[in-house]
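J.: Take a look and give me a structure for this.
(one chain, ligands or ions: 1)
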Amino acid sequence: MSYIYIHIPFCRKKCPYCNFVSSANKDNTDNYIELLKTEIAIRKNSGGKTYAKTCYFGGGTPSLMGIDRLNNVISYLRRFFHIDQTSEITLEANPSDLNPVFLSELKSIGINRISIGVQSFKNKDLEFLQRTHTASDAKEAIVDAHKAGFDNISIDLIYGFRSQTKTGFIDNLKMAISLPITHISIYALSVEEGTPFYYRQKNGKKISVSDELAAEIYINSVNFLKKNGFDHYEISNFAKKDYQSKHNINYWKEGEYWGFGLSASSYLKNERIKNLERYIHYAGKLSNGELPIESIERLSRDEKMSEELILALRLIKGINWSEFKNKYGNLKEFGIIEDKIEQWISIKMLKMENGYLSLSFPKGILLSNEIFSDLL
Ligand code: SF4
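T.: Sure thing, here's the model as predicted:
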């Protein structure tokens, strides 16, 4: 069984808070699709055709590619993977790219899950974030997707930036639950080094709200979404019954996956393989028939244990402790981790319930970065 990620590194314009590998220069789009196909062919030249449980087009803005390029990649993937209607095939989309015709075409090539970068249903917020779409574009895109036959619709929302009031984000969630949405991801705005927001903040402009206010917004959001039928299944993710992201759950369960494209990562046979980030390098290697790899990291058993623990703790259900102990209990480092876990449990940041170790809500979740770095 395979899980596939395809990175599309192009956007209409670069958002001032974004540090993903993406560019507003679309000159190389067609060439990139051919390079992607070359990479797939080189890396999948042996091993037979496996069933693709998921295929995730992320970016960047995959919806910007248009139907022919997307179809070209999916058709090519079908030569190497068995993809059918039971495979979860997700496309990340910008609301301004979506219209009824394009959405029907996406359905017809097999895309069955759409993840829309809404970010906010308020124009004032969208202007602050310098997004290319409006609030009504976002609402229309969701309604059109549903009319086109998508019953698995996810949206991303951002909270915790200056133009937003305390109740403003809840208004966004109220709008979300009134629409035919089955999955919601909420992210606190983080000001990443090197981005325009970072320099503005450095020059004294207020970009994000205080940590206290961001925490309050998060707690209120979790309570609101749970009350309205969305299961809180991962720190930032909420889903209606049976609509959790299969693709991302595989990451959090330390499952193997293929990643194709610029900067994409794969995790196969205990190795984390990272592709080159610069287009010129990626293209250069593939044009010579070589793999566009930047690094390969082979995980030791200790490293695998820590990673597996930390990734699984992102899930609200947590990790089955006796299974984990059976797997790694004979390692010296297991004892060290167990002691640390005892300490976090004693101050109620972690909890052990029904055999599962998990983060407490809200304190453990709000302090999750500190807990994870302690456990690494
Ligand atoms: S659309 Fe998404 S990937 Fe592209 S620049 Fe904006 S935040 Fe980054």
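
J.: Now the terminal residues of stretch 172-182, how far apart.
T.: Taking C-alpha to C-alpha, to the nearest Å, stretch 172-182 runs 15 Å from one end to the other.

J.: just stretch 286-304 next, same as before
T.: Rule used - C-alpha to C-alpha; the end-to-end distance of stretch 286-304 is 30 Å.

J.: Now for the residue in the stretch 201-350 of the chain that the ligand sits nearest to: which residues touch it?
T.: Per C-beta to the nearest ligand atom, residue 263 is where the stretch 201-350 of the chain lies closest to the ligand, at 11.7 Å. To be clear about C-beta, it is placed using only N, CA and C from the backbone, and glycine gets the same treatment. Contact partners of residue 263, counting by C-beta atoms under 8 Å, 6 or more residues apart in numbering, are 7, 9, 21, 274-277.

J.: Figure out how far the longest strand anywhere in the chain is from the centre of its chain.
T.: With DSSP state E setting the assignment, residue counts place strand 50-59 as the longest strand in the chain. Here strand 50-59 is found 13 Å from its chain centre; the criterion is C-alpha atoms, centre = their mean, to the nearest Å.

J.: again, but for stretch 289-298
T.: Per C-alpha atoms, centre = their mean, the centroid offset for stretch 289-298 relative to its chain is 22 Å.

J.: Need the distance between the two termini of it.
T.: 24 Å.

J.: same question for it, mean pLDDT?
T.: Across stretch 289-298, the average pLDDT comes to 96.

J.: How about the contacts made by residue 294?
T.: Contacts of residue 294 by C-beta under 8 Å, 6+ apart are 274-277.

J.: let's see it at 10 Å
T.: With contact set as C-beta atoms under 10 Å, 6 or more residues apart in numbering, residue 294 has these partners: 263, 265, 273-278, 281-282, 285.

J.: before we move on, the earlier item: with secondary structure added, can I get the contacts of residue 263 in CSV?
T.: Formatted as CSV, these follow (DSSP: H, G, I helix; E, B strand; the rest coil):
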residue, secondary structure
7, strand
9, coil
21, coil
274, strand
275, strand
276, coil
277, coil
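
J.: Are any of the residues you listed buried, and if so which?
T.: Applying 16 or more other C-beta atoms under 10 Å to these, the neighbour count classes 7, 9, 21, 275-276 as buried.

J.: contacts for the helix or strand containing residue 220?
T.: Assessed by DSSP states H and E, residue 220 sits inside helix 211-227. Here helix 211-227 makes contact (C-beta under 10 Å, 6+ apart) with 157, 159-161, 164-170, 172-174, 176-177, 184, 186-190, 208-210, 230-232, 235-236, 238-239, 316, 361-363, 365-367.

J.: The residues you listed, buried ones only, as a PyMOL selection?
T.: Remark: buried members of the contacts of helix 211-227, expressed as a PyMOL selection using 16+ other C-beta under 10 Å:
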select buried, resi 157+159+160+161+164+168+169+170+172+173+176+184+186+188+189+208+209+230+231+232+235+236+238+239+316+361+365+366+367
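
J.: Does the residue nearest the centre of the chain lie in a helix or a strand, and which?
T.: For the chain, the residue nearest the mean C-alpha position is residue 248 (6.7 Å; C-alpha atoms, centre = their mean). Per DSSP H and E, residue 248 falls inside helix 246-252.

J.: Any buried residues in that helix, and which?
T.: 247-252.

J.: Mind checking the pLDDT average for that helix?
T.: Mean predicted lDDT for helix 246-252 stands at 98.

J.: now it, how far from the chain's geometric center?
T.: Helix 246-252 sits 9 Å away from the centroid of its parent chain (C-alpha atoms, centre = their mean).

J.: shaky segments in the stretch 251-376 of the chain?
T.: Within the stretch 251-376 of the chain, not a single segment meets pLDDT under 70.

J.: Give me the number of neighbouring residues for the closest residue to residue 25 other than its chain neighbours.
T.: Nearest in space to residue 25, with sequence neighbours left out and distances taken as C-beta to C-beta, 6 or more residues apart in numbering, is residue 10 at 7.8 Å. Neighbour count for residue 10, taken as other C-beta atoms under 10 Å: 20.

J.: Can you tell me the closest non-neighbouring residue to residue 162?
T.: Distance criterion C-beta to C-beta, 6+ apart; nearest residue to residue 162, sequence neighbours excluded, is residue 206 at 4.9 Å.

J.: quick one, strands of the stretch 51-200 of the chain?
T.: Under the criterion DSSP state E, counting those that start in this stretch, strands of the stretch 51-200 of the chain are mapped to 81-82, 88-93, 113-119, 153-159, 183-188.

J.: Please name every helix or strand in contact with the fourth one.
T.: Pointing back at strand 153-159 there. Secondary-structure packing of strand 153-159 (3 or more C-beta pairs under 10 Å, 6 or more residues apart in numbering; DSSP states H and E): strand 88-93, strand 113-119, helix 123-128, helix 135-147, helix 168-177, strand 183-188, helix 211-227, strand 237-239.

J.: The shortest one pairs with which strands?
T.: Looking back up the chat, that one is strand 237-239. The strands beside strand 237-239 in its sheet (DSSP bridges) come out as strand 183-188 (antiparallel), strand 231-234 (antiparallel).
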